[in-house]
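[1] Show me the folded form of this:
(chains A, B, C, D, E and F)
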Protein chains: 4
Amino acid sequence: MQRELKREALLRAAMAAFHRQGFHETSLDEIAQRLGVTRAALYYYFQSKNDLLVACFERAMQLARDSLAKAKREGAHGREKLILFFKRYLAITEEHALETEDRLKLIEERDRLERELRALVKEGIRDGSIVPCDPKLAIFLMLGAVNWVPKWFSRKGSWTNLQVAQAAAEMLDRMLSTAPSANVTDDVRKARVEP
Amino acid sequence: MQRELKREALLRAAMAAFHRQGFHETSLDEIAQRLGVTRAALYYYFQSKNDLLVACFERAMQLARDSLAKAKREGAHGREKLILFFKRYLAITEEHALETEDRLKLIEERDRLERELRALVKEGIRDGSIVPCDPKLAIFLMLGAVNWVPKWFSRKGSWTNLQVAQAAAEMLDRMLSTAPSANVTDDVRKARVEP
Amino acid sequence: MQRELKREALLRAAMAAFHRQGFHETSLDEIAQRLGVTRAALYYYFQSKNDLLVACFERAMQLARDSLAKAKREGAHGREKLILFFKRYLAITEEHALETEDRLKLIEERDRLERELRALVKEGIRDGSIVPCDPKLAIFLMLGAVNWVPKWFSRKGSWTNLQVAQAAAEMLDRMLSTAPSANVTDDVRKARVEP
Amino acid sequence: MQRELKREALLRAAMAAFHRQGFHETSLDEIAQRLGVTRAALYYYFQSKNDLLVACFERAMQLARDSLAKAKREGAHGREKLILFFKRYLAITEEHALETEDRLKLIEERDRLERELRALVKEGIRDGSIVPCDPKLAIFLMLGAVNWVPKWFSRKGSWTNLQVAQAAAEMLDRMLSTAPSANVTDDVRKARVEP
DNA sequence: AATGAATGAGGGTTCATTCAT
DNA sequence: TATGAATGAACCCTCATTCAT
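    Residues are numbered from 1 along each chain as shown, chains lettered A, B, ... in the order given. Have a look, this model is predicted:
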C-alpha cells in the first residue's frame, strides 16, 4: 500500500511535468528530484519513460471518462451535458511520442471519447440546444481552448481553478448555445440599445 | 541577396518543422537535410538553434501584427476586427524552450500582442458587439482553440485551410457575439478573407 | 543444512546460466527468478556476483580434478588417461571478468590443472602412446575443441551428450595417437564412461 | 580517403577488442580511447555498437572466405585443402549479441561456410585422405580448437603466429588423416618398439 | 531467511555546437 | 560558402549492491 501511494505521487508529478513542459522537454531527473529520489528509483515503479507517459495518458482518459459519465447523468440537454463535461475536464497529457504499439491503443481510446463528444453535439443540434455547426470542428475548438488555458492560469493568477473553469464554461457554452446566454447576456442585451 | 534568399528558405523550413513537431523534437539535421545541406551550414545563417527559434517567433509575430493591423483597418466594430484577425492568424511557434534572455523579450512582445487583443475585446464590450466577459480569458480561449486546430486538420481532412478558418471563425464569433446566432454568422461571413 | 541445499541450487543455476550466456550477459535477476526468489536474496548466500563466479569456477575445477583423478586411476597409458579425462570434462566457466585478486588465484589453479594435463601428454610421448608434439599447444587445442562443442550441440541436435562425448573423444584421441586409426578407436571405445 | 583509413582503424580496434574481451565486455569508450577520440566520434563511422559488431563479423567472414578460396585452389586433396584453410584462418568475432535481423543474415553466412567445410570433410573421406567420421562434429572440434588458441598465445609466448599456426595445423591434420602423419609420426613409430 | 525500496556507476545514443579547411 | 570531423553534455536505461525491516 505504501508502494501504491508512491506510485500515485510519481504519476501525478509526471502528469504535471509532462503537461507543463511536454514529454520530450521533461527529463526523468526532474520528476525524480521533485519526489526527492534518484532517477533510477523511477524504474522501480515504471518500466520506462514511455510507460510512464502511457500511464499518464490512461489516467487522463479515465478522468475524462468519469467526467463524461457524470455529465451525461446530470445534464438536462446536449449542450448542458457537454458544458458540464468541460467544466470537469482538466487533465491533459501529451499524446505525442508514444511508441507505435501503445499509440494505437490510446489513439483509439481518444477517438472513442471524441466520438462521444461529437455525438453530444449532434444531440444538442437535434434537440435545439446547440446551434447548427460542424461537430468535429466544434469539439476540436473546445478541446483546444480547454487544453490551452492551464498553461496561463497555472498558479500566478489570482483566480482559483474553479473560477477559471466556471468562466471558461460560460464562454464555451455561449459558443454553442442557441439561447441568449442566461448568465450575462441578458443584462447586456438591455444595455445595448442602439447599434 | 543570394544569402537572404537562402536564409529565408531556412527560416521557412524551420517554422514548418517546429510547428509540425515542436522545437525539441526537431533536430537541426532534419532541417538541414530538407534543404540539402549539412548541419554545420545552418550556422552560417543562424548562431544557434535557439536563435533560429527566436527568428521563427519574430516572423510569426510580424505576421500576426500585420494581420492585426489589417483587421483593425477593415473591421467595422470590435468583434469584427477580432474575428478578422483570427481568420488570418495561422502561424504558430513554440514559445517553449527559449533561453531566459530571449525568452523575456519574446514574452514581452507576445504580451503586447495579447494586450492589444484584449483591448479589442474591451472595445467590443463597450460598443456592444461583444458580450461582457473577462478579456484575458476570452483571448486565451480563442488562442488555444486556434492554436489547436491545425493539429487535427493537418492534411487528412477534406477541408481546405480556408474552409476551416471560415467555420472556426464563425464559432469563435458566436462565443463573443451579443447578436442572435443567425445574424452573427451573416456579419462574419461578409467579412471575408482573400486566400 | 537447509541453507547448504539452497546454496547448492543457486550455484547450479548460476553455473548453467553463466555457461549458457556468459558472465556479463547474465543478470542476477535471471538467476534469482529461476529460483523463485528476489535478487536481494542471493546476497544471503554469496557476497557478490563475482564471488558467485568464483564459486562456479572452483566447482568446475573440483569436478575437473575429480575427473582427472579417476582417469589417472583407470587409464592404461598416458593417452588413454587423457582421453578419459576429456570424456568426463564438460563443465565450463568463464575465466573472464574476474576481479584481479580472485583472478590470480583462479588462474593459478587453472594453470595447475593444465600443468597436470601437459604432464600426461609428456608421459604419453615417453611411453609411446602419444605422438611427439608440443604439450602446451596440444592441451590448448583439446580444451578449445571441448569447450566449443556444447555451444553447437546444445539441444537442437539429435545426439545425446554421451554420443557427442564419445565421438569427440575418438577424434581427439586420433589427434594424438601413435597407433593406426582403426586400433585407436577400439582402445578408446573400451574405455567407456558410465552415464 | 582519410575517412576510409580511420574507419578501417576503428574496425580493426573493435575486432581486436571484441575478440579479446567479448562484445558485452567491451565498452565503446575503450575502443574510442585506443584511437584517441571520444566515444561520440565512433558514431560518425558506425551507426551503433551493434553495427560495429556486424561490420566486424562481415570482415571476419570475408577473410575466412578468402582463405577458403585460396586453400581450395592450392590443396591437393580434401584433407590438405582443409588444413590449408585452418592455417590461414585466425580472425574471430563474436556471433553473440547480434540483433535478430542482422543475426539471421550472418548465421546464414556462417552456416554456408560450415557447409563448405563439411563438404571438404566428406570429399576427404571419399578420396580416402580423411578417416571416416562425423563431418559436423569434426568441423566443430576444429573450429573450437582454432578459435581458442589465440586466447592463450596472444603475445606473451615466444612463438610467432606462424609457428603456432604451423604446429596447430599439424595436429589437426593428424586428427583427420588416414595416413601415418608425415611430419613426426614416422620417426615416432620407429621409436615405439614394444607396447 | 528474505524482501521492498533505493542507489550509483556505467553504458549506448543523440544532438547542438565548434573549427580547420 | 559550406563541409568533414570531432566534442561534450544530457538523456534513458540497466544492474550490482545495500539496508531497514
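[2] The residue lying closest to A:E80 once chain neighbours are set aside: neighbouring residues, count only.
    Nearest residue to A:E80, sequence neighbours excluded (CB to CB, 6 or more residues apart in numbering or on different chains): A:S129, at 7.1 Å. In short, each C-beta sits where N, CA and C put it, glycine included. By the measure other CB atoms under 10 Å in any protein chain shown, the count of residues near A:S129 is 20.
[3] which residues touch A:I130?
    Contact analysis of A:I130 by CB atoms under 8 Å, 6 or more residues apart in numbering or on different chains lists A:78-79, A:82, A:121, A:124, A:176-178.
[4] Out of these, who's the most crowded?
    Busiest of these [other CB under 10 Å] is A:L82, holding 29 neighbours.
[5] in which helix or strand would I find that residue?
    Following DSSP states H and E, one finds A:L82 within helix A:78-88.
[6] picking up where we left off before, quick check: of the contacts of A:I130, which lies closest to chain B?
    For the contacts of A:I130, the closest approach to chain B (CB to the nearest CB) belongs to A:T178, at 6.2 Å.
[7] mind showing which ranges of chain A have poor pLDDT?
    Along chain A, segments meeting pLDDT under 70 span A:1, A:78, A:84, A:86-101, A:103, A:149-158, A:160-162, A:180-195.
[8] Which residue ranges of it form helices?
    Here chain A has its helices, by DSSP state H, at A:2-21, A:28-34, A:39-45, A:49-74, A:78-88, A:100-126, A:135-148, A:161-176, A:185-191.
[9] Just put these in CSV and tack on distance to C:R112.
    As requested, the helices of chain A are exported to CSV (distance: least, CB to CB, whole Å):
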stretch, distance to C:R112
helix A:2-21, 51
helix A:28-34, 50
helix A:39-45, 43
helix A:49-74, 51
helix A:78-88, 77
helix A:100-126, 55
helix A:135-148, 73
helix A:161-176, 76
helix A:185-191, 98
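[10] Which one of those lies nearest to C:A138?
    Among the helices of chain A, the nearest to C:A138 by CB to CB is helix A:39-45 (49.9 Å).
[11] Pull out the buried residues from that closest one.
    A:42, A:45 (16 or more other CB atoms under 10 Å in any protein chain shown).
[12] Same check on stretch A:7-16?
    For stretch A:7-16, burial by neighbour count (16+ other CB under 10 Å) applies to A:10-11, A:13-16.
[13] which of those lies closest to DNA strand E?
    A:L10 (8.8 Å; CB to the nearest atom of the strand).
[14] quick one, what contacts A:S177?
    Listed by CB under 8 Å, 6+ apart, the contact set of A:S177 reads A:79, A:129-131, B:181.
[15] And it, how far from A:A138?
    Per CB to CB, to the nearest Å, A:S177 is found 12 Å from A:A138.
[16] what do these two both touch?
    Between them, A:S177 and A:A138 share no contacting residue under CB under 8 Å, 6+ apart.
[17] Take stretch A:123-142 and give me the span from its first residue to its final residue.
    For stretch A:123-142, the separation between the terminal residues is 17 Å (CA to CA, to the nearest Å).
[18] centre of the chain versus it, how much separation?
    Its chain's C-alpha centre and that of stretch A:123-142 lie 18 Å apart, by CA atoms, centre = their mean, to the nearest Å.
[19] Buried ones in that stretch, by neighbour count?
    Using 16+ other CB under 10 Å as the test for burial, stretch A:123-142 gives A:123-125, A:129-131, A:133-142.
[20] Could you work out the most separated pair of the residues you listed?
    Farthest pair in the buried residues of stretch A:123-142 (CB to CB) is A:S129 and A:F140. Separation: 19.9 Å.
[21] which one of the contacts of A:I130 is nearest chain C?
    For these, the nearest to chain C is A:L82 (50.0 Å; CB to the nearest CB).
[22] Test my guess that the closest one contacts A:K122.
    No: using CB atoms under 8 Å, A:L82 makes no contact with A:K122, being 10.8 Å away.
[23] who's in contact with the residue nearest to A:E80?
    Residues counted as contacts of A:S129 (CB under 8 Å, 6+ apart) are A:77-80, A:177-179.
[24] And A:R115, how close does it get to B:R7?
    Separation of A:R115 from B:R7 (CB to CB): 45 Å.
[25] cool, and A:R110?
    Per CB to CB, A:R110 is found 39 Å from B:R7.
[26] Next: A:D51.
    Taking CB to CB as the measure, A:D51 falls 42 Å from B:R7.
[27] same deal with A:L28?
    Applying CB to CB to A:L28 and B:R7 gives a distance of 37 Å.
[28] A:R3: neighbour count?
    Neighbours of A:R3 (other CB under 10 Å): 9.
[29] And for A:R59?
    17.
[30] ok, for it, nearest residue in space, not its chain neighbours?
    Spatial nearest neighbour of A:R59, chain neighbours left out: A:L11 (6.3 Å); criterion: CB to CB, 6+ apart.
[31] I'd say that neighbour and A:E58 touch.
    No: the pair A:L11 and A:E58 does not pass the contact test of CB under 8 Å, sitting 9.7 Å apart.
[32] what residues does chain A put near DNA strand F?
    Within chain A, the positions adjacent to DNA strand F are A:26-29, A:39-40, A:43, A:47-50 by CB under 7 Å from any atom of the strand.
[33] Highest neighbour count among those?
    Ranking the residues of chain A next to DNA strand F using other CB under 10 Å puts A:T26 first, with 22 neighbours.
[34] Could you tell me how far A:L117 is located from B:A169?
    21 Å.
[35] Equivalent analysis for A:Q163, please.
    Relative to B:A169, A:Q163 is positioned 28 Å away (CB to CB).
[36] Settle it for me: which of the two has more neighbours?
    Neighbour comparison, A:Q163 and B:A169: the larger count goes to B:A169, with 23 against 14 (by other CB under 10 Å).
[37] roughly how far apart are that one and B:K70?
    15 Å.
[38] isn't A:L143 right up against B:W148?
    Yes: the criterion here is CB under 8 Å, and A:L143 meets it with B:W148 at 6.5 Å.
[39] more crowded one of those two?
    Between A:L143 and B:W148, counting by other CB under 10 Å, A:L143 is the more crowded of the two (23 against 20).
[40] So which of the buried residues of stretch A:123-142 is the closest to B:L63?
    Using CB to CB, A:L141 comes nearest to B:L63 of the buried residues of stretch A:123-142, at 21.4 Å.
[41] wait, what's in contact with that closest one?
    Here A:L141 is in contact with A:175, B:145, B:148-149, B:168, B:171-172 (criterion: CB under 8 Å, 6+ apart).
[42] do that again at 10 Å, thanks
    With contacts defined as CB atoms under 10 Å, 6 or more residues apart in numbering or on different chains, A:L141 is in contact with A:133-134, A:172, A:175-176, B:141-142, B:144-146, B:148-149, B:152, B:167-168, B:171-172, B:175.
[43] Ok, A:E80 next?
    By CB under 10 Å, 6+ apart, the neighbours of A:E80 are A:71, A:74, A:120, A:124, A:129-130, A:173, A:177.
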